[in-house]
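# everything below, folded, please.
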Amino acid sequence: MGFPVPRSFSVKNFGCRATQADGAGIAADLAARGLQPVQEHRRADVVVVNTCTVTSAADRDARKSVNRIHRENPDAEILVTGCYAQRAPQELAALGGVRWVVGNSHKHAIGGLLAPQLVQIQGAETVSLAYHGGIEAGGSLVGDISRQTALHPLPTGEPLGRSRPNVKVQDGCDNRCSFCIIPSVRGRSRSAAASSVIREVRRLEDDYAEVVLTGINLGRWGRDLNGRPRLPDLVQALLDRTSVRMMRLSSVEPMDWSARLVGLMASSSRIARHVHMPLQSASDSVLRRMRRRYRIRHYESRIRLAREAMPLAGIGADVMVGFPGESDEEFEQTRAFVERMPFTYLHVFSYSSRAGTDAAGHADHVTKAVKRRRSRILRELIEWKNESFRQGLAGATLPATVLEGRRGRSRALTDNFIDVEVSGAPMSPGSLVRVRIDGIEGRRTFASRVD
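You can find the predicted model right below:
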């Protein structure tokens, strides 16, 4: 049974950069089909909620958002998609206001579901699937994502208030970390062809100075393609065949930070000097229980390679506290490692048990109080290290992408991942400028434009 094609839509995103890229792509697809994007969910005929499921807190946030949207706009048709939708469609279908649940397996078909008229979208393949009226209210469209062997393309959409679009070049993950649900909701690693990535970046380069290459396991790009190219091959092709002024790599696993990739980053002014290398723990015994594919000596060698090649690089990591059985001694190994390594920022988070993962079966769970204490210790430590790093940049001139243009002071992000306040006339968001670091005050960094 069909329903009137909605006139307006909005998208609410949760989670990682890959999910943000998916949400922007859905929005671009719907806009190309004639729907009107609106910022406020309460004004939309249909609201797409693009979910994360990496933790139970992420699930809870998604449910709260759906309930709030339905309360504020009871006439809206709500479509829930993303990782939570793939994992537990029945839970989401039971929420008030939810008409459809579409898993990651069929996320590329959302445009055909909401606006079935086929269109040719510049820079992306046309999706020929039309599910308009194909599922009833409260129904779901979720397939076995483990069977997918190709990356279904979505256009790279407007960056939803950001000045740096995310270009998703890879999806899925072949790792089987014992704490992670993502492989089961994203499927196996799949790569976009280099030609399609080049085409997307060319389409964006006139409007945006910086693009961010992203994926669920970005460093595995190319392993499933003919000839088995590697991520440095893609980066080199983008340097050679596009004129984009700045490329930034999102998170890359330690084993994929090769000497060639670091060398490319260090030798080109068009690649942001920004290394994000997930750590999770600096205890080899914890890494074994997590089923991570490296040990601390490997991780340290790659961090030191990056710092030696790029003395001013921003270097960050994800660190988990409270993995089942993590002892005080094992946590101290992580704390000491963070203290001696040249990290400039961390994303610290607590272990959250996820049904369906091997770690969820462990009985030796760390208490919430201990997790909070360990998180506080690491956050205080990295705040001190970050402040020291920024103090050491005083007087340095760095490229920066403008995030917001304001009267008297604009916000910009330097290539080494420092958020700076730039004095002077408002600058155009998305533009690339050079700034001089003038000083810091607590968490604030002040700069002046020099070009």
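
# run the chain-centre distance for stretch 173-186.
16 Å (CA atoms, centre = their mean, to the nearest Å).

# which residues are contacting that stretch?
53-54, 83-84, 86-87, 103-104, 145-146, 171-172, 188-189, 216-217, 220, 253, 289-293, 320, 323, 351, 354, 356-359 (CB atoms under 8 Å, 6 or more residues apart in numbering). (Glycine included, C-beta is placed from N, CA and C.)

# just the CA coordinates for that stretch, please, in CSV.
Extracted in CSV, the C-alpha atoms of stretch 173-186 (Å, rounded to 0.1, in the frame of the first residue of the first chain):
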residue,chain,number,x,y,z
CYS,A,173,35.5,-4.8,8.4
ASP,A,174,37.1,-8.3,8.3
ASN,A,175,38.6,-8.0,11.8
ARG,A,176,36.8,-9.8,14.6
CYS,A,177,37.7,-7.8,17.7
SER,A,178,36.0,-9.5,20.7
PHE,A,179,34.2,-6.4,21.8
CYS,A,180,32.9,-5.1,18.5
ILE,A,181,29.5,-5.6,16.9
ILE,A,182,30.3,-3.5,13.8
PRO,A,183,31.4,-6.4,11.4
SER,A,184,28.0,-8.0,11.9
VAL,A,185,26.1,-4.8,11.0
ARG,A,186,28.4,-3.5,8.3
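
# need phi/psi at L151.
L151 adopts backbone torsions of phi -90, psi 110, taken as degrees, to the nearest 10.

# can you name the residues bridging to the nearest residue to it once chain neighbours are set aside?
Nearest non-adjacent residue to L151, counting by CB to CB, 6 or more residues apart in numbering: R190, 4.1 Å away. With DSSP bridges as the criterion, R190 is bridged to D171.

# do you know the pLDDT at R190?
The model reports R190 with a pLDDT of 94.

# tell me the contacts of it?
Going by CB under 8 Å, 6+ apart, R190 touches 148-151, 170-172, 224.

# return the member of these nearest to E421.
Of all the contacts of R190, E421 sits closest to Q170, with 34.0 Å by CB to CB.

# quick one: that closest one from G361, how far?
Distance of Q170 to G361, given as CB to CB, to the nearest Å: 30 Å.

# comparing the two, which residue is more hemmed in?
Q170 (26 against 10; other CB atoms under 10 Å).

# and E421, which of the three is it?
Assigned by DSSP: H, G, I helix; E, B strand; the rest coil, the conformation of E421 is strand.

# you'd agree it is up against R444?
Yes - if you go by CB atoms under 8 Å, E421 and R444 touch, sitting 6.2 Å apart.

# and those two? Which one has more around it.
E421 (18 against 11).

# so who does the more buried one touch?
Contacts for E421 (CB under 8 Å, 6+ apart) come out as 409-411, 444-447.

# quick check, nearest of the residues you listed to P426?
When the contacts of E421 are compared against P426 (criterion: CB to CB), the nearest one is S410, at 5.8 Å.

# okay, now the closest one: neighbour count?
So S410, with other CB under 10 Å, has 26 neighbours.

# what of A93?
Other residues lying near A93 total 18 when counted by other CB under 10 Å.

# and R99, by the same measure?
When neighbours are counted by other CB under 10 Å, R99 comes out with 17.

# in this structure, where's the longest helix?
Scanning the chain for the helix with the most residues, using DSSP state H, yields helix 368-392.

# what's the first helix or strand after it?
Next along the chain after helix 368-392, taking DSSP states H and E as the criterion, comes strand 397-404.

# that following strand packs against which elements?
strand 408-414, strand 419-424, strand 432-441 (3 or more CB pairs under 8 Å, 6 or more residues apart in numbering; DSSP states H and E).

# in the stretch 151-300 of the chain, which spans are helices?
182-186, 194-204, 231-241, 259-267, 284-290, 296-309 (DSSP state H, counting those that start in this stretch).

# residues of the longest one that come out buried?
Across helix 296-309, burial judged by 16 or more other CB atoms under 10 Å covers 296, 299-300, 302-303, 305-307, 309.

# same check on the fifth one?
Judged by neighbour count using 16+ other CB under 10 Å, the buried positions of helix 284-290 are 286-287, 289-290.

# pLDDT on it, on average?
For helix 284-290, the mean pLDDT works out to 97.

# which residues sit against that helix?
By CB under 8 Å, 6+ apart, the residues outside helix 284-290 that reach it are 177-179, 280-281, 294-296, 323-326, 330, 334, 359.

# list buried residues within the residues you listed.
Those of the contacts of helix 284-290 that meet the buried threshold are 177-179, 280-281, 294, 296, 323-324, 326, 330, 334, 359, by 16+ other CB under 10 Å.

# would you list those residues in CSV and tack on pLDDT and distance to L231?
Shown next, in CSV, are the buried ones among the contacts of helix 284-290 (pLDDT from 0 to 100; distance: CB to CB, whole Å):
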residue, pLDDT, distance to L231
C177, 95, 20
S178, 95, 25
F179, 93, 25
Q280, 98, 21
S281, 98, 24
Y294, 96, 17
I296, 98, 23
F323, 96, 28
P324, 95, 32
E326, 97, 31
E330, 98, 31
T334, 98, 27
A359, 91, 28
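
# circling back to that earlier point, looking at the helices and strands packed on strand 397-404, which is buried most?
Between the helices and strands packed on strand 397-404, strand 408-414 has the highest mean count of neighbours, a mean of 20, where neighbours are mean count of other CB atoms under 10 Å.

# neighbours around the closest residue to A336 other than its chain neighbours, how many?
Closest residue to A336 apart from its sequence neighbours, by CB to CB, 6+ apart: A282 at 7.5 Å. Residues within reach of A282, counting by other CB under 10 Å, total 24.

# got it, and A259?
Neighbours of A259 under the rule other CB under 10 Å: 11.

# just checking, V197 touches V169?
Yes - V197 lies in contact with V169 (CB under 8 Å); the separation is 5.1 Å.

# shared neighbours of those two, which are they?
In contact with both V197 and V169: 213, 234, using CB under 8 Å, 6+ apart.

# contact partners for A194?
A194 touches 222, 225, 229, 233-234, 237, counting by CB under 8 Å, 6+ apart.

# one more time with 10 Å, if that's ok
A194 makes contacts with 169, 221-222, 225, 227, 229, 233-234, 236-238, 241, as judged by CB atoms under 10 Å, 6 or more residues apart in numbering.

# low-confidence bits of the stretch 1-150 of the chain, can you list those?
Scanning the stretch 1-150 of the chain for pLDDT under 70 picks out 1-6, 116-140.

# would you map the strands across it?
Remark: strands assigned in the stretch 1-150 of the chain by DSSP state E, counting those that start in this stretch are 8-13, 36-37, 46-51, 77-82, 98-103, 139-141.

# let me have those in a markdown table, extended by distance to G314.
As requested, these are exported to a markdown table (distance: least, CB to CB, whole Å):
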| stretch | distance to G314 |
| --- | --- |
| strand 8-13 | 24 |
| strand 36-37 | 33 |
| strand 46-51 | 28 |
| strand 77-82 | 28 |
| strand 98-103 | 35 |
| strand 139-141 | 40 |
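
# all set now, cheers.
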